[in-house]
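> Generate coordinates for the sequence data below:
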Amino acid sequence: MAKDKVLDEHVDGDSYNWVADFVYGGIDGSVTTFAVVAGVQGAGLPASIILILGFANLFADGFSMSVGKYSSDKAKLEQYDKIESVEFGHLKARKYGETKEVREIMGGYGFKGKDLDRATEVVTSNPDAWVDLMMRNEFNMTRENVNPLKGGIATFASFVLIGFVPLMGYTLSPFLALSFDTIFVLTCFATLLALFVVGAVKAKFTVRNWFFSGMETLIVGGCAAAIAYFVGYLLQGLAGSI
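This next block holds a predicted model:
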């Protein structure tokens, strides 16, 4: 039942669903920015370096990721449209061969005898349904419910918003009577919580349990930050020699 519900949510309606892009942009933004913060903290560098590198990463990587998302979605739609156009041409130029392929496909679904004849007739009487069947079975392609521009914007917005969480404490540090180390500890908790929430929301688009999905995202982000922290710690001597 849970799986059917998720699948229904995916196919219900034709409007673009921005939540998936927001979730994945938020995960990438929080993980990469958190890694920058942890690396600089591990190297023992001042908060100003965290802010410079953190915000540079936040906007540059966010822009890069959004452009990549836009280009990828646009390429998918263009590829689908091109192949679809070719298939519509085949309906006229190679009608017999295309009809035979439909018959083979429907036979694979279990149709036989008169039922197979009728199913083939029904499909080939509707050019749109005919081409859609060929796209799905011959090329393993469907028209995805994507919007390149909206996808790029949602990705960038989530990358910046969620990615700002690891920088929040350092941005507000002039107004907080807290030590540098305390701010880092609070940043760790806040970022890991944000990762867990985003990972839990991600479960909406899968059949996984929300808690385990949240924990998986938290662990991945935490491991990335830990690696960056220890690399920074091991290389902290370079800061004084450069």
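
> drop to CA atoms for contacts and neighbour counts, all remaining ones
Fine.

> The lengthiest helix in the chain packs against which elements?
Secondary structure of the chain per DSSP state H: the longest helix is helix 47-93. When contacts are defined as 3 or more Cα pairs under 8 Å, 6 or more residues apart in numbering; DSSP states H and E, helix 47-93 packs onto helix 19-42, helix 127-138, helix 148-163, helix 165-171.

> Minimum distance to residue 206: which of the ones you listed has it?
helix 19-42 (10.5 Å; Cα to Cα).

> what angle separates the closest one from helix 47-93?
Interaxial angle of helix 19-42 relative to helix 47-93 (axes from the mean of the first three to the mean of the last three Cα atoms, to 10 degrees): 150 degrees.

> Now do helix 19-42 and helix 148-163, the angle between them.
Helix 19-42 and helix 148-163 meet at an angle of 40 degrees, taking the same axes, to 10 degrees as the criterion.

> Averaged pLDDT, helix 19-42. What do you get?
Here helix 19-42 scores 87 as its mean pLDDT.

> Tell me what angle the longest helix of the chain forms with helix 127-138.
Using the same axes, to 10 degrees: helix 47-93 against helix 127-138 is 120 degrees.

> so how far is helix 47-93 off the chain centroid?
Here helix 47-93 is found 11 Å from its chain centre; the criterion is Cα atoms, centre = their mean, to the nearest Å.

> same question, stretch 178-195
Offset of stretch 178-195 from its chain centre (Cα atoms, centre = their mean): 26 Å.

> just for this protein, where's the confidence low?
Applying pLDDT under 70 to the chain picks out residues 1-15, 237-242.

> Any figure for the gap between the residue lying closest to residue 186 once chain neighbours are set aside and residue 188?
Residue nearest to residue 186 in three dimensions, not counting chain neighbours: residue 169, with 7.6 Å by Cα to Cα, 6 or more residues apart in numbering. Per Cα to Cα, to the nearest Å, residue 169 is found 10 Å from residue 188.

> same thing with residue 103?
Computed with Cα to Cα, the distance linking residue 103 and residue 188 is 59 Å.

> Looking at the two now, which is surrounded by more residues?
Set residue 103 next to residue 188 and count neighbours by other Cα atoms under 10 Å: residue 103 wins out with 22 against 19.

> Return the residues in contact with the closest residue to the more buried one other than its chain neighbours.
Among residues not flanking residue 103 along the chain, residue 120 sits closest, at 5.6 Å (Cα to Cα, 6+ apart). By Cα atoms under 8 Å, 6 or more residues apart in numbering, residue 120 lies in contact with 99, 102-103, 106.

> most surrounded residue in the residues you listed?
Counting neighbours by other Cα under 10 Å, residue 102 comes out on top of these with 24 neighbours.

> Any figure for the gap between that one and residue 23?
Plainly put, residue 102 is 39 Å away from residue 23 if you go by Cα to Cα.

> now residue 212
To residue 23, residue 212 is 16 Å away according to Cα to Cα.

> Residue 33 now?
Per Cα to Cα, residue 33 is found 16 Å from residue 23.

> Which one's more surrounded, the two?
Neighbours were counted for residue 33 and for residue 23 using other Cα under 10 Å; residue 33 has more, 29 against 25.

> show me the contacts for the more buried one.
54, 57-58, 163-164, 166-167.

> now do residue 102
120, 123-124, 130, 133-134.

> try 7 Å this time
Residue 102 sits next to residue 120 when contact means Cα atoms under 7 Å, 6 or more residues apart in numbering.

> and if you look at residue 69?
The contact partners of residue 69, by Cα under 7 Å, 6+ apart, come to 151-152.

> With residue 84 instead?
Contacts of residue 84 (Cα under 7 Å, 6+ apart): residue 131.

> and it, how far is that from residue 53?
Taking Cα to Cα, one finds residue 84 at 46 Å from residue 53.

> Over to residue 95?
60 Å.
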